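Engineer: Give me a 3D structure for the following:
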Amino acid sequence: MRVDSLTGVRGVAALSVMVYHLPQHSVFAAFRLPLFDRAYLCVDLFFVLSGFVMAIGYRDLVDARPSTTRYAMFLRHRLARVFPLHLVVTLAFLLRAMVNVSGDGTSVSAGDVGANLLMIQSWGLGTTALAGNSWSVSTEWVAYLLFPLLAIAVRSPLRWGLAVAAVALLVLVATSGIGVRGSMDVVQRTSVLPVLRCLGSFILGMLAQRIADRPGVRRLLGGDGAFVVMITLIALALLVPNSDLIVVLLLPILILCCYYEGRAVRAILANRVSLWLGIISYSLYLWHPLLRDSAARIVTMLHGRGVFQIDAVAYVALIIGTIAVCAASYWWIERPGHRLILRRQRDRAGSPALGIAA
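Structural biologist: Numbering: from 1, shown residues only. Okay, here's the model as predicted:
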């Protein structure tokens, strides 16, 4: 199943990450927007949203009797969803490093290549994510591997202990002191904390889905007022220094508000633009750093030839071009790759509804 507003959330979050990252290159630094200075927290939103959506799309994995066959089927579907694009983008970044398209002199080891192909590059092994944003894909793969155990715990009396453990993981990350631009911006390749950052948020998303159909929760969070209140609280929290953890803990409630699809939610997040951005959000998330660096290389070369009045035009062209490339990537890489991996998959009767929307 696909909840349009949740797809729209993913699209807005991916666009926010892009607008946050583009000015981090010195060539485009003049286009920095302070509103997006903490958009790295959108990655935590991805983790919460993934946990929530996985708990919906794959609930039959637990409702029915778990088995190694059903678990393998689940992993195959998740692999089909994330690996084809991850592979292509990783190879593109590898090619960039080999021919130095961006001019940054990046070097790559065989260990880095192997870890990226196995999607374990950000498990604290000291390997580098070749496609920088793919660190989160790697950490989410851990959540997929643990999903059956997490799903069983969420549906048992252990869920309260699991909730405490999830919050404890996020507190550990927030207080580690190694955040790059904020306390939750922990992405270091030599640390296991990025994995814990993902797991904590992913579990909170699963727990939020567990209570989503309770009438009392729906009455409390299902109206436009609750959505406006949550947006306001998050905006106020973002104004407070060192409040990353507070923002992340509010995200599951925000996802619940979006899940109920009130009028305001649908107007903002289920319109054609937000929905389309959500559909191409995975491509948008992975491709934009490479496209940014390539565009910056071109602008730098033009500067060297005395052409200086093109920065704004180049920036707008970069945004439009990135969205266009990512739309093509969705149709020509994501969808064919998904079908290719599942071509021989024949779901048995009673198997979970495993769609690409999940």
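
Engineer: quick one, what contacts Val19?
Structural biologist: Val19 sits next to Leu33, Phe36, Ala39 when contact means C-beta atoms under 8 Å, 6 or more residues apart in numbering. For glycine as for every other residue, the C-beta is placed from the backbone atoms N, C-alpha and C.

Engineer: Leu340 reaches Pro84, doesn't it?
Structural biologist: Yes - Leu340 is within contact range of Pro84, at 7.2 Å (criterion: C-beta atoms under 8 Å).

Engineer: which one of those two has more residues nearby?
Structural biologist: Neighbours per residue (other C-beta atoms under 10 Å) separate Leu340 from Pro84, with Pro84 holding more: 19 against 11.

Engineer: pretty sure that one is touching Ile333, no?
Structural biologist: Yes - counting by C-beta under 8 Å, Pro84 does reach Ile333; the two are 5.9 Å apart.

Engineer: so how far is Phe31 from Leu85?
Structural biologist: Look at Leu85 and Phe31: by C-beta to C-beta, to the nearest Å, they are 27 Å apart.

Engineer: so the spatially most central residue of the chain is in which element?
Structural biologist: In the chain, the residue lying closest to the centroid (C-alpha atoms, centre = their mean) is Phe46, at 3.9 Å. Using DSSP states H and E, Phe46 sits within helix 41-57.

Engineer: roughly how far out does that helix sit from the chain middle?
Structural biologist: For helix 41-57, the separation from the chain centroid amounts to 8 Å (computed by C-alpha atoms, centre = their mean, to the nearest Å).

Engineer: In space, what's closest to Asp244 - neighbours in sequence excluded?
Structural biologist: Of all residues not flanking Asp244 in the chain, Met184 sits nearest, at 3.8 Å (C-beta to C-beta, 6 or more residues apart in numbering).

Engineer: what pLDDT does that neighbour get?
Structural biologist: On the pLDDT scale, Met184 is placed at 98.

Engineer: The one 3 residues further on now?
Structural biologist: As summarised for this prediction, Val187 has a pLDDT of 96.

Engineer: got the contact list for it?
Structural biologist: Contacts of Val187 by C-beta under 8 Å, 6+ apart are Ser122, Trp135, Val180, Pro194.

Engineer: likewise Ile231?
Structural biologist: Leu254.

Engineer: what separates it from Val48, distance-wise?
Structural biologist: Applying C-beta to C-beta to Ile231 and Val48 gives a distance of 15 Å.

Engineer: try Phe36
Structural biologist: The value you get for Phe36 to Val48, if C-beta to C-beta is used, is 19 Å.

Engineer: Only whichever of the contacts of Val187 are buried, select them in ChimeraX.
Structural biologist: Only the buried entries of those go into this ChimeraX selection, using 16 or more other C-beta atoms under 10 Å:
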select :122,135,194
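
Engineer: Among the contacts of Val187, which pair sits farthest apart?
Structural biologist: Pairwise distances among the contacts of Val187 were taken by C-beta to C-beta; the largest, 13.8 Å, belongs to Ser122 and Val180.

Engineer: one step back: what's the neighbour count on the nearest residue to the residue nearest to the centre of the chain once chain neighbours are set aside?
Structural biologist: The shortest distance from Phe46 to any residue other than its chain neighbours is 6.3 Å, reached at Ala13 (C-beta to C-beta, 6+ apart). By other C-beta under 10 Å, 23 other residues sit near Ala13.

Engineer: now do Leu318
Structural biologist: Counted with other C-beta under 10 Å, the neighbours of Leu318 add up to 23.

Engineer: just checking, Ala13 touches Asp44?
Structural biologist: No - the pair Ala13 and Asp44 does not pass the contact test of C-beta under 8 Å, sitting 9.6 Å apart.

Engineer: pLDDT score for Leu354?
Structural biologist: The model's pLDDT for Leu354 equals 42.

Engineer: correction: Gly350
Structural biologist: So, for Gly350, pLDDT stands at 42.

Engineer: so where's the stretch 101-250 of the chain shaky on pLDDT?
Structural biologist: 101-106 (pLDDT under 70).

Engineer: Can you list the residue ranges for helices in it?
Structural biologist: 110-117, 134-154, 159-174, 193-211, 215-221, 224-238, 244-259 (DSSP state H, counting those that start in this stretch).

Engineer: List just the one of those helices that sits closest to Asp4.
Structural biologist: So among these, helix 244-259 is nearest, using C-beta to C-beta, at 9.8 Å.

Engineer: Which SSE is immediately downstream of the closest one?
Structural biologist: helix 263-269.

Engineer: List the buried residues for that next one?
Structural biologist: Counting neighbours by 16+ other C-beta under 10 Å, helix 263-269 gives Ala264, Val265, Arg266, Ile268, Leu269 as buried.

Engineer: Quick check: the gap between the fourth one and Ser5.
Structural biologist: Pointing back at Ile268 there. Noted for Ile268: a distance of 8 Å to Ser5, by C-beta to C-beta.

Engineer: repeat for the first one
Structural biologist: Distance of Ala264 to Ser5, computed by C-beta to C-beta: 10 Å.

Engineer: Now for the residue lying closest to Trp141 once chain neighbours are set aside: which residues touch it?
Structural biologist: Distances taken as C-beta to C-beta, 6+ apart place Met119 nearest to Trp141, at 4.8 Å, with adjacent residues excluded. Neighbour list for Met119: Val82, Phe83, His86, Ser134, Val137, Ser138, Trp141 [criterion: C-beta under 8 Å, 6+ apart].

Engineer: Which secondary structure elements does the lengthiest helix in the chain sit against?
Structural biologist: Longest helix in the chain by number of residues (criterion: DSSP state H): helix 68-99. Applying 3 or more C-beta pairs under 8 Å, 6 or more residues apart in numbering; DSSP states H and E, one finds that helix 68-99 makes contact with helix 60-63, helix 110-117, helix 134-154, helix 281-304, helix 335-341.
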